[in-house]
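J.: Would you be able to build a 3D model of this:
(one chain, ligands or ions: 1)
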Amino acid sequence: MYKKRGISIGVTIAFLSCIVLFFAYWKGGKIPIKTPGYELAKDPAGIEYKFSLDLNNDGKNEIVKVYNTVSDNLGDRRGPNMVKIFTENDNYSKEVFSYTGLGNLIWGVQRLNNLFGDGYDAMLIKDASYAMGCGGTIYLLLLTYKDGKYTAINGPGYPSFGACKFAGKDGSGNKIIIAEPKWENDYCCGCKHKLQFYIYTWDGQKYIKTEAGATKNKYLNESVDEIIQKEPSLLITNEPTGISI
Ligand SMILES: [Ca+2]
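T.: Numbering: from 1, shown residues only. Coordinates of the predicted model:
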C-alpha cells in the first residue's frame, strides 16, 4: 500500500517536472537544438552561416544553418561539415532536414535564386576538404527542394586553385563549368598554372561530367568568364552544351 503510494507520488512529481520544464522553455525562448561537437560555421568576418528563406515555396521561411566541428585551430578540424533545415516560429525550432557533407571547412555559403529554373531557391555550400598544406578540395553542395522534399545535391568538386561557374540557361545550375589546375612538370603550388575545363550537366538525378578543352596559357586567380574570354575555344566538346556565357 505505502509502496504503491510512493510510486504514484514519484510518477506525479516526474510528470509535474516535465510540465514545469516545458513551460520554462516555452517562456524562456526556443528549445535549444543540440549538435554535440559542432558549432555554427562563420564567414571570415565572423558572421554565422544562418539563413532565413522559403525553400519549399509554402510562404513561410525555413532556417538553414551550416555547422563545422568545434576547433580553435583550422588544421584540427576533423569534419565532416553538416547542414540542417529548421522550421521555426516564435517558440520552437523543429529540424526537418539534415545532411552531412564531405569536408572539414566551409569555403563559403550563398543563396541562389531559382537555381534549377524550377522556381525553387537553393543554398550553395562550398564544402571544403582542407589540410594544412597547399590548397584543398571544394565540393559544391546544393540544398534545395525537389519532388516534394528537401534535398542535398552533390555537385562537382575541384581543387581550390580552380574555378567554377553556373552556366545553364540564364545562369541556372543545370550546367556547371569547372576549371581544374592541370598538373605539369613545372607545376608549383600557388603559381600560375594551366587549367583543364569540364562541363557538368544535370540529368534530373545527378551531374554528368564531360571533358572540354585545356588552356594554352597559365592563370592564377581569373574567373571562368575571364579565362573563356581569352581562350573561347575551351568549351568546344563533342556534344551540344547549351551553355550560356
Ligand atoms: Ca517554407
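J.: hang on, Leu55 packs against Phe86?
T.: No. Counting by CB atoms under 8 Å, Leu55 does not reach Phe86; the two are 11.0 Å apart. For glycine as for every other residue, the C-beta is placed from the backbone atoms N, C-alpha and C.
J.: give me the number of residues near the closest residue to Thr144 other than its chain neighbours?
T.: The shortest distance from Thr144 to any non-neighbouring residue, by CB to CB, 6 or more residues apart in numbering, is to Ala122 (3.8 Å). When neighbours are counted by other CB atoms under 10 Å, Ala122 registers 23.
J.: Might you report the residue contacts of Ala122?
T.: Neighbouring residues of Ala122 by CB atoms under 8 Å, 6 or more residues apart in numbering: 55, 111-112, 115-116, 142-144, 173.
J.: now with 7 Å?
T.: Contacts for Ala122 (CB atoms under 7 Å, 6 or more residues apart in numbering) come out as 112, 115, 142-144.
J.: partners of the helix or strand hosting Tyr200 in the sheet?
T.: According to DSSP states H and E, Tyr200 maps onto strand 195-202. Strand pairing for strand 195-202, determined by DSSP bridges: strand 175-181 (antiparallel), strand 207-214 (antiparallel).
J.: Double-check that Val11 belongs to a helix.
T.: Yes. Val11: assigned to a helix according to DSSP: H, G, I helix; E, B strand; the rest coil.
J.: Show me the helices in the protein, by range?
T.: For the chain, the helices defined by DSSP state H occupy 2-28, 224-230.
J.: where in this structure is pLDDT low?
T.: Applying pLDDT under 70 to the chain flags the ranges 1-7, 10, 13-14, 16-33, 74-75, 90, 238-245.
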